[in-house]
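Trainee: From the sequence below, what's the structure:
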Amino acid sequence: MTRIIDLRTDTVTQPTAAMIASMQQASQGDDSRDGDPTVMRLEALAATHTGKEAGLYMPSGTMTNLVAVLAHTQRAGEVLLERGAHMLNTELGGLAAVAGVFYKGIPGLRGAMDETALREAVRPTTRNNFGTALICMETTHNGAGGAILPLAHMQMVYELARHHRIPVHTDGARLFNAAVALGVPAAEIARHTDSVCFCVSKGLSAPIGSLLCGTRAFIERARPFRRMVGGNMRQAGLIAAAGVVALDTMIDRLADDHATAKRLAIGLHAVDASMLNPGDVETNIVRVNVRASGRAAALWAADFQARGIAVSPADSGSLRFVTHRHIAADDVDAAIAACRSIVNQLPA
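Mentor: Presented below is the predicted three-dimensional model:
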């Protein structure tokens, strides 16, 4: 069977041999009752990496974001976040449908909210409205092609929020990609937010799970909300064990994924410079604009699939390529060659 080079997402990564071995030897306590030693170890490790007091293990990043909103807002008020945020556009309306909050998308550039627009959007609770209950950030920013929020921007947002006594949550699904690219510990990023979540099941290659981190009081407040949305797990040590290995062994190698993404961006730019600016590629996501071709992104994705390359339409006019540990330089070169083949067959 011909191998498909899968560049749709980094969630397709497979657990390492060390992860599988750790799962076979993991503790099997009931995490939802008395707690499981391996889960508690993973939560403590997550808290250490992010510089927070405590962590909480959940099945998915969508759930960690939802539980964070519930714990911060207590189902009232307005949430401010950049209008291209994953929480706003991809998590199926959980903010309103489950968390019961209003939301306002703030215009931004490469995932960073416009400061003036953000300041104007913040409002107090009055007899006529609930006011701003939470401000959210996202780094790396999926919709902005894996862009990293500048630390100065995060500091500005956090200081503004603290001035108004508004909590801040950061969706850090690919937090460690941002940290590696910036050359700083994840805690240096997380210091500019009250809570932060990250996935171990993307580039870090564990099979399942995300962690929500914050103060001990916040995490205790989050626990019943995790139960409410169905996130309590039983013998979760089996999967948490892989997460421990991920945090112990897989962070530094994310730089390899960034290098292959840059190689891909440079190669695609050489095929057609209108598609992207390689300088915009900071981590492991490459967004390619195909609007100039007059063909929908879905058709481009089908053309790539026919050539053995799996990619995802990001919207009607752009594609998303995501590199990960199963993508080597030869795979990137094959994707570039496939793109050149498609371009050469387009009508003049």
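Trainee: The longest helix anywhere in the chain - contacts with which helices or strands?
Mentor: Looking across the chain with DSSP state H, the single longest helix is helix 254-271. Applying 3 or more Cβ pairs under 8 Å, 6 or more residues apart in numbering; DSSP states H and E, we find helix 254-271 packed against helix 175-182, strand 285-289, strand 318-322, helix 329-344. Quick note: C-beta positions are derived from backbone N, CA and C, even for glycine.
Trainee: Go again with 7 Å.
Mentor: If you count contacts as 3 or more Cβ pairs under 7 Å, 6 or more residues apart in numbering; DSSP states H and E, helix 254-271 packs onto helix 175-182, strand 285-289, helix 329-344.
Trainee: Serialize those to CSV and add fields for distance to A306 and mean neighbour count.
Mentor: Formatted as CSV, these follow (distance: least, Cβ to Cβ, whole Å; neighbours: other Cβ atoms under 10 Å):
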stretch, distance to A306, mean neighbour count
helix 175-182, 30, 24
strand 285-289, 17, 24
helix 329-344, 9, 17
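Trainee: Of these, which is nearest A217?
Mentor: Among these, helix 175-182 comes nearest to A217, with 21.9 Å by Cβ to Cβ.
Trainee: what about the closest residue in space to D333 that isn't next to it in sequence, how many neighbours?
Mentor: Spatial nearest neighbour of D333, chain neighbours left out: G267 (7.0 Å); criterion: Cβ to Cβ, 6 or more residues apart in numbering. G267: 18 surrounding residues under other Cβ atoms under 10 Å.
Trainee: Select, out of the helices and strands packed on helix 254-271, the one closest to T2.
Mentor: Nearest to T2 among these is helix 329-344 (11.6 Å), distances taken as Cβ to Cβ.
Trainee: by how many degrees do the closest one and helix 254-271 diverge?
Mentor: 20 degrees (axes from the mean of the first three to the mean of the last three Cα atoms, to 10 degrees).
Trainee: could you redo the helices and strands packed on helix 254-271 as TSV and give each row mean pLDDT and distance to A21?
Mentor: As requested, the helices and strands packed on helix 254-271 are arranged in TSV below (pLDDT from 0 to 100; distance: least, Cβ to Cβ, whole Å):
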stretch	mean pLDDT	distance to A21
helix 175-182	98	22
strand 285-289	98	31
helix 329-344	97	27
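Trainee: Show me what the longest strand anywhere in the chain pairs with in its sheet, parallel or antiparallel.
Mentor: Using DSSP state E, we find that the single longest strand of the chain is strand 132-138. Strands adjacent to strand 132-138 in the sheet, as given by DSSP bridges, are strand 78-82 (parallel), strand 168-171 (parallel).
Trainee: can you redo those as CSV with mean pLDDT and distance to Q25?
Mentor: Putting the strands paired with strand 132-138 into CSV (pLDDT from 0 to 100; distance: least, Cβ to Cβ, whole Å) gives the following:
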stretch, mean pLDDT, distance to Q25
strand 78-82, 97, 41
strand 168-171, 98, 32
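Trainee: Tell me which of those is the most buried.
Mentor: Across these, averaging neighbours per residue (mean count of other Cβ atoms under 10 Å) puts strand 168-171 on top, at a mean of 27.
Trainee: Quick one: distance of it to the chain centre.
Mentor: From the chain centre to the centre of strand 168-171 is a distance of 11 Å (Cα atoms, centre = their mean, to the nearest Å).
Trainee: what residues does that strand touch?
Mentor: Applying Cβ atoms under 7 Å, 6 or more residues apart in numbering, the external contacts of strand 168-171 come out as 65, 68-69, 72, 86-87, 134-139, 157-158, 161, 193-197.
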